[in-house]
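In: no FASTA, just this:
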């Protein structure tokens, strides 16, 4: 490769690579600080259930940007820990309606300050203005 070709593509300057490295750092902080061995996907599902109330499993997947297989696994693990429960939708027996148990609600409410701390540690090197700009730019990419 010539020097010109070397400059055309540098892995260290690619958005996907940078986002993956930031996400790895963020998930490491998350794993270290979050209680109850919550994973980012379980926590996201629990927060959406807290925020929106009972949702169909499919809607919970859409709200948390998880595919069908992933959200099913997340819900199964939350149910196994008694953090969530499911029941058939009385209007459509094929649909599973998911809600937090009282234990799940208490766990996620307790975890919220930890989650704020995870975010704070992830973006600690940014000024308040840079934090707002970063979130705005990332949302534009979604």
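Out: Looks like it came in fine. All figures in this text were calculated on a predicted structure; none of them were measured in a lab.
In: Could you identify the longest strand within the chain?
Out: strand 92-100 (DSSP state E).
In: If you count contacts, what does it end up packed against?
Out: helix 40-52, strand 55-56, helix 57-63, strand 84-89 (3 or more Cβ pairs under 8 Å, 6 or more residues apart in numbering; DSSP states H and E). Using the backbone N, CA and C atoms, a C-beta is placed for each residue, glycine as well.
In: How far does the helix or strand following it sit from its chain's centre?
Out: Downstream of strand 92-100, the first helix or strand assigned by DSSP states H and E is helix 102-122. What separates the centre of helix 102-122 from the centre of its chain is 12 Å, taken as Cα atoms, centre = their mean, to the nearest Å.
In: low-confidence ranges in the chain?
Out: 1-7 (pLDDT under 70).
In: same thing but 90
Out: 1-8, 90-94 (pLDDT under 90).
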